[in-house]
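**Student:** Give me the fold of what follows.
(2 chains)
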Amino acid sequence: MIDFSYAAAPESAAIGRVRDRYLPYIDGEFVEGKGADLETVNPGTGELLSVVSTVAEEDLDVAVRAARTAFDGPWSRLTGAQRGAYLFRIARGIAERSRELAVVECLDNGKPIKETRDFDVPTAAQHFFSHAGWADKLEHLGLGPSPRPLGVAGQVIPWNFPLLMAAWKIAPALAAGNTVVIKPAETTPLSILVLAEIIADADLPPGVVNIVPGAGDVGAALVDHPGLDKVAFTGSTAVGRQIQRRLAGTGRKFTLELGGKGANIVFADAAQDQAVEGVVNGIFFNQGQVCCAGSRLLVQEPVAEEFLARLKSRVETLRVGDPMDKNTDVGAINSAAQLDRITALLEAGDAEGAERWTSSCPLPDRGWYLAPTIFEQASPSMRVAREEIFGPVLSVMTFRTPEEALAKANNTPYGLSAGVWTEKGSRAMAMAAGLRAGVVWDNTFNRFDPTAAFGGYRESGFGREGGPAGMRAYLHDDDEPVLARPASTGRDGDR
Amino acid sequence: MSTAVGTPSEPATGLPPAGADEAALRRFLEGLPAVDPVGLEQRAAGLATRSIKKDSKLAAIDLAIAMVDLTTLEGADSPGKIVNLCRKALTPDAGAPDTPRPAAVCVYPDRVAVAKETLGDSGVLVASVASAFPAGRSSLEVKIADTELAVAAGADEVDMVIDRGAFLAGRYGLVHDQIVAIKQAAGRARLKVILETGELATYDNVRRAAWLALLAGADFVKTSTGKVSPAATLPVTHVLLQAVRDWKLLTGEQRAVKPAGGIRTTKDAIRYLVAVHEVAGPEWLDPHWFRFGASSVLNDLIMQRQAQRAGHYWGADYVSLD
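**Tutor:** Residues are numbered from 1 along each chain as shown, chains lettered A, B, ... in the order given. Okay, the predicted model is just below:
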């Protein structure tokens, strides 16, 4: 037996070409914002990474006006095929700069380079490729022969998948013929500003995509902006509630993709080794900072004890630490504030008597890290079993019958994701029919594809992203009267 | 495995008793948890992205060399060819005398004697295929005689093949009893049971065959003869590593694994070692518990070893063919 502790295998930070300062991207130019500069920190070390100029309300006015001009002007006069060509160009740009983007995302977010390299960046490129194909096929969406775009979309995205969420928002909006003003999260503004360079290099007409960095106040001002036709938000349920309240009665379309408390349901007949992998992937992927994370494990009682033992020994093998090390499985928590929120919920779990188990992995002595944690025998009444923790923390409950599993899985105000692990196809289908979740994975978890609709029920929001449903969210229904604004000239000129 | 797995401190429960009839064996083997191919292949591909560098890579190369069963299984094998291969095992890299020796040389039964003579008491073992290798299509008497021939000539290890026709027809009892008989004929030699996973069609079958072999007393579960494609793959090896890990949890006994065929480069070998480390556990990182059935991988390992030390590649002609 040899000591096979893997030597450090860090990716080179130089590949990220991180600059000292980044600027907002408005009307096709990188411009100084009128807001205060924002420092963005590398969560893996806690050190300053870069500085970003942020926007003020007057910049938002400029950005929204630019988006309107672009919508009324060049963008809506293009054919679908021409719009598609721009999206293909952006997709290729992402693929060409994939190593750089992977490093930037890793440094700015704290997620492992393995994930940014193998998931975030390639999936973002796929999203543009897939939607590029939609741009000239809008008549196949069931909205009539020539569906009309909505106009200017205001979009606010979270910090957990900064580049990928930008792709999820920008690609369908542009494919449908809209223009966008998009605000990245306060702690992760860099990758989308690299994307801005790719967009600029693609010669996209000015104003079609505007990127406005800032904190929550900028986001609030953006979604309130009267110049928008559509608001798309991904983030916390608390902020989503405020947005819904403010937009009520404005006639503006909006979609919200909010929190979740996904259940991963493991039946006794499941393929156990793969179910263990799926549960690990469900909650420790991206440090559990995933809205659709499988944060509740429901395991059938006959196998519960053995399954938990296997799960724990597997979690022990997860390598936690430097996000830039190619062998790191679990990286850094995105911010000190997020680590504090997770820690507070861990303490709540202890106070409620949940049995806390923590992986014995060593943690770096700087940066924001949390060892993978499991609350064994959590009760459905406990906060750790009800509230979204948004961290590498799994709460385990057991069940005896499929009915009990359904009742427990659905007993949450959220309804975003669920996983079912069984070798019996009919049971998987029956569970999927009974689960109140927008996404149900069968014998897998956290798999994403641009062609598949993603979105939630109830407090997890509404609206779908990805696939035909995601495209329809950026188009007028055919029989919908056009209010407020004169009919846009968004239809394809050649039809 | 809900009924089968416990911790080593608990008495083993759920295993079919020795001498169990075919029905009991079938109930046990078909009651093993299923393998989901998508999840298995995803996990194997994920682990294969581990980046093993610097000291870890040097240690892995030396370990991998020490795990090689240097193999020649050709109709054209002459005594001279066997002598050359054995000398290669004794001195893998004349320019670097600290290069470890491979674990064993693996030959046909009628070539065991010459291999044994050449290797002497060097510590490099002689393994012999037996039991009507590679098809396994003969009577049990012939298979036993084949095994006895190898052992009588001095084989330290015997690599047998299972009767895949019988296994796929569900005749688990027959396959089990044949392994038991060969194990007995092999005497003190360690028995490697080749499942020929390329012919078993599903991962569920691979898992059942692995458990059947373990139940029948296999010292090693081995993927392939090398004569059938696909030979060893990472996902199939994961299934075997899971089997020996679970067997140890259940019985406290450690058994060994040998992927064979298709492992050609240092990169391949290191991916297997990562799987051994993270699926079975570090206690399997030892030539007694894990082997590579291969021939060409040895030279690639030696080249990489030279390159790691010299800082540049010398080229294939700086390593002897055999």
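
**Student:** alpha carbons only for contacts and neighbour counts from here, please
**Tutor:** Fine.

**Student:** who's in contact with whichever residue of the stretch 1-150 of chain B sits closest to chain A?
**Tutor:** Nearest residue of the stretch 1-150 of chain B to chain A: B:Ala34, at 4.6 Å (Cα to the nearest Cα). B:Ala34 sits next to A:Asp269, A:Ala270, A:Ala271, A:Gln272, A:Glu423, B:Asp204 when contact means Cα atoms under 8 Å, 6 or more residues apart in numbering or on different chains.

**Student:** tell me the phi and psi of the second one?
**Tutor:** Which is A:Ala270. phi -70, psi 160 (degrees, to the nearest 10).

**Student:** quick one: contacts for it?
**Tutor:** Neighbour list for A:Ala270: A:Trp421, A:Thr422, A:Glu423, B:Pro33, B:Ala34 [criterion: Cα under 8 Å, 6+ apart].

**Student:** What count of nearby residues applies to the residue nearest to it when sequence neighbours are not counted?
**Tutor:** With Cα to Cα, 6 or more residues apart in numbering or on different chains as the criterion, A:Ala270 has its nearest non-adjacent residue at 4.1 Å, and that residue is A:Thr422. Burial measure for A:Thr422: 22 neighbouring residues, criterion other Cα atoms under 10 Å in any protein chain shown.

**Student:** Would you agree A:Thr422 is in contact with A:Ala271?
**Tutor:** Yes - judged on Cα atoms under 8 Å, A:Thr422 makes contact with A:Ala271 at a distance of 7.0 Å.

**Student:** Please identify every residue contacting each of the two.
**Tutor:** Joint contacts of A:Thr422 and A:Ala271 (Cα under 8 Å, 6+ apart) do not exist.

**Student:** Could you pull out the buried residues of stretch B:145-152?
**Tutor:** Buried residues in stretch B:145-152, counting neighbours by 16 or more other Cα atoms under 10 Å in any protein chain shown, are found at B:Ala145, B:Asp146, B:Thr147, B:Glu148, B:Leu149, B:Ala150, B:Val151.

**Student:** need the contact list for A:Val276.
**Tutor:** Going by Cα under 8 Å, 6+ apart, the list of residues near A:Val276 reads A:Phe307, A:Arg310, A:Leu311, A:Arg314.

**Student:** so which of these are also by chain B?
**Tutor:** Among these, no residue sits close to chain B (Cα under 8 Å from any Cα of the partner chain).

**Student:** CSV please, covering these and showing pLDDT.
**Tutor:** What follows is those, written out as CSV (pLDDT from 0 to 100):
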residue, pLDDT
A:Phe307, 98
A:Arg310, 97
A:Leu311, 98
A:Arg314, 97
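
**Student:** Any of these buried? List them.
**Tutor:** Buried by 16+ other Cα under 10 Å: A:Phe307, A:Leu311, A:Arg314, out of those.

**Student:** mind listing which of these are in helices?
**Tutor:** A:Phe307, A:Leu311, A:Arg314 (DSSP state H).

**Student:** Which residue is the nearest non-sequential neighbour of the second one?
**Tutor:** So that's A:Leu311. Nearest one to A:Leu311, counting by Cα to Cα, 6+ apart, is A:Val276 at 5.6 Å.

**Student:** Grab the nearest non-local neighbour of residue 25.
**Tutor:** Unless you meant another one, I'm taking chain A. A:Ile211 (4.9 Å).

**Student:** oops, I was thinking of chain B
**Tutor:** B:Pro16 (6.4 Å).

**Student:** who wins for most neighbours among the contacts of B:Ala34?
**Tutor:** A:Gln272 leads those on contacts (other Cα under 10 Å) with 26 neighbours.

**Student:** Who are the contact partners of that one?
**Tutor:** Counting by Cα under 8 Å, 6+ apart, the residues that A:Gln272 touches are A:Phe307, B:Pro33, B:Ala34, B:Val35.

**Student:** Render the CA-only coordinates of the helix or strand that contains B:Leu249 in PDB, please.
**Tutor:** For B:Leu249, the host element (DSSP states H and E) is helix B:234-251. Extracted in PDB, the C-alpha atoms of helix B:234-251 (Å, rounded to 0.1, in the frame of the first residue of the first chain):
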ATOM      1  CA  LEU B 234     -13.100   1.500 -16.300                       C
ATOM      2  CA  PRO B 235     -16.800   1.000 -15.600                       C
ATOM      3  CA  VAL B 236     -16.500  -2.800 -15.500                       C
ATOM      4  CA  THR B 237     -13.600  -2.500 -13.200                       C
ATOM      5  CA  HIS B 238     -15.600  -0.200 -10.900                       C
ATOM      6  CA  VAL B 239     -18.200  -3.000 -10.600                       C
ATOM      7  CA  LEU B 240     -15.500  -5.500  -9.700                       C
ATOM      8  CA  LEU B 241     -13.900  -3.100  -7.200                       C
ATOM      9  CA  GLN B 242     -17.400  -2.600  -5.600                       C
ATOM     10  CA  ALA B 243     -17.800  -6.300  -5.300                       C
ATOM     11  CA  VAL B 244     -14.500  -6.900  -3.400                       C
ATOM     12  CA  ARG B 245     -15.200  -3.800  -1.300                       C
ATOM     13  CA  ASP B 246     -18.600  -5.200  -0.400                       C
ATOM     14  CA  TRP B 247     -17.300  -8.700   0.100                       C
ATOM     15  CA  LYS B 248     -14.800  -7.400   2.600                       C
ATOM     16  CA  LEU B 249     -17.500  -5.400   4.400                       C
ATOM     17  CA  LEU B 250     -19.500  -8.600   4.600                       C
ATOM     18  CA  THR B 251     -17.000 -11.200   5.500                       C
END
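
**Student:** just the residues of the stretch 51-200 of chain B that are near chain A, which are they?
**Tutor:** Residues of the stretch 51-200 of chain B lying near chain A (Cα under 8 Å from any Cα): B:Ser51, B:Ile52, B:Lys53, B:Lys54, B:Asp55, B:Ser56, B:Ala59, B:Ala60, B:Leu63.

**Student:** Could you tell me the per-residue confidence at the residue nearest to A:Ala270?
**Tutor:** pLDDT, A:Thr422: 98.

**Student:** same thing with B:Ala18?
**Tutor:** Predicted confidence (pLDDT) for B:Ala18: 78.

**Student:** what's the answer for A:Gly490, then?
**Tutor:** 41.
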